[in-house]
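Colleague: Here is a sequence together with a model predicted from it:
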Amino acid sequence: MSARGWVLFAAVSLLWGVPYLLVAEALDAGVGAFALVASRVVVGAAVLMVLVGGDAARLIHRTPLRVGVLALVEVAIPFTLIAVAERSVSSGTAGVLIALEPFFVLVWSGLIVRGKASAWARLVPGSVLGFTGVLVLLGAPGAGVGAWLLVAAAACYGLGAVLVARWFATEPSLPIAAAMLVVAAPIAVVVAGFVDGMPPASVRGVVAMVLLGAACTAGGFAAFFALIKTAGAHSASLITYVAPIVALAVGVAFRGESLTFGSVLGTTLVLAGAWICLRYASGSTKRRPASPPTPTAHTQGGQ
């Protein structure tokens with residue numbers, strides 16, 4: 001990997017590892033979960049529209065229903081699940097559980113993409129390891145039943161990744177991201193207005209919301225797609241393993257979250273399961289060049 005590639009890799013690892021810390025900080029500052037989602041979506045959409053506004057608008061005009069579905073499964077639903085879950089789950093554990101996404105990519109590929117029946121047998125090792133890790137993390141300090149909301153968020157991300165590969169394989173990725181955020185923004189704002197109202201104007205909360213939307217969501221998308229162009233999809237897929245470790249580390253360093261044997265073991269099992277699933281997804285793409293591409297890396301920025 002070139003020097004530029006390593007810089008981009010480090011940037012994406014940071015930008016996609018710290019959102020869980022920022023979510024926790026905003027919640028602690030009194031920002032409601034739905035207001036937090038609305039702020040990050042609106043800020044992220046505004047930044048990306050400056051970069052690719054015309055292309056995003058044309059994409060929405062051509063395929064409004066598909067973009068709308070992606071806005072729900074890739075943005076509105078998982079962002080909300082993560083914010084609600086972090087009321088009871090530590091930020092580090094949240095970052096680790098989202099690493100289950102590759103497992104769900106294979107599940108949704110088996111359900112949606114024809115010719116993927118063989119994927120089910122290959123799911124067993126990764127799923128056993130990954131969900132054993134979830135059960136271990138449920139017993140670790142800072143975890144709770146909210147962990148299953150994070151598993152559901154990972155399932156949404158996995159579905160979104162498969163749909164992007166099937167519906168928008170020939171489209172530039174950044175306009176897709178901008179289009180999803182633009183469509184999700186009014187939904188998030190309306191829901192937040194009814195549920196949470198105006199978020200408190202504390203410095204801590206405002207800084208967390210702005211960084212989450214501008215840096216982690218919009219900046220994460222831009223850096224990730226630049227990394228794919230610079231180093232290739234395979235190298236970019238390694239973010240799946242590095243970003244959760246960053247999330248765990250910053251949670252311990254900045255929020256004093258516990259790093260116990262159980263949390264380390266659970267993290268190791270989840271990442272091992274993700275590695276097996278992601279390895280198979282990458283291999284199946286190489287063996288099946290005529291079929292719709294199977295996503296081998298995250299397609300959502302600023303998780």
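Modeller: Looks like it arrived, so ask away. Keep in mind the model is a prediction, meaning the values are calculated, not measured.
Colleague: Measure how buried Pro64 is and give me the count.
Modeller: 12 (other CB atoms under 10 Å). All C-beta atoms are positioned from the backbone trio N, CA, C, and that covers glycine.
Colleague: go on, Val190?
Modeller: Val190 has 12 nearby residues by other CB under 10 Å.
Colleague: which SS state does it fall under?
Modeller: Put simply, Val190 is helix when judged by DSSP: H, G, I helix; E, B strand; the rest coil.
Colleague: ok, and for the longest helix seen in the chain, which residues are buried?
Modeller: Longest helix in the chain, counting residues (DSSP state H): helix 33-62. For helix 33-62, burial by neighbour count (16 or more other CB atoms under 10 Å) applies to 33-49, 52, 55-56, 59-60.
Colleague: try stretch 213-233
Modeller: So stretch 213-233, judged by 16+ other CB under 10 Å, has buried residues 213-228, 230-231.
Colleague: Okay, and which of those residues map to helices?
Modeller: Per DSSP H, those map to helices at Gly220, Phe221, Ala222, Ala223, Phe224, Phe225, Ala226, Leu227, Ile228, Thr230, Ala231.
Colleague: Among those residues, which one sits closest to Phe254?
Modeller: Gly220 (18.7 Å; CB to CB).
Colleague: Chain neighbours aside, what residue packs nearest to Glu171?
Modeller: Leu59 (6.6 Å; CB to CB, 6 or more residues apart in numbering).
Colleague: which residues of the stretch 1-150 of the chain fall in strands?
Modeller: Remark: no strands are assigned in the stretch 1-150 of the chain by DSSP state E, counting those that start in this stretch.
Colleague: what residue ranges in it score low on pLDDT?
Modeller: 1, 112-127, 131, 134-135, 137-144 (pLDDT under 70).
Colleague: quick one: the helices in it?
Modeller: Along the stretch 1-150 of the chain, counting by DSSP state H, counting those that start in this stretch, helices occupy 3-15, 19-28, 33-62, 64-70, 77-85, 91-97, 101-112, 119-138, 147-167.
Colleague: Adding distance to Ser202, write those helices out as TSV.
Modeller: Shown next, in TSV, are the helices of the stretch 1-150 of the chain (distance: least, CB to CB, whole Å):
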stretch	distance to Ser202
helix 3-15	23
helix 19-28	9
helix 33-62	12
helix 64-70	33
helix 77-85	17
helix 91-97	19
helix 101-112	32
helix 119-138	31
helix 147-167	25
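Colleague: closest to Ala272 out of those?
Modeller: Relative to Ala272, the nearest member of these by CB to CB is helix 119-138, separated by 4.9 Å.
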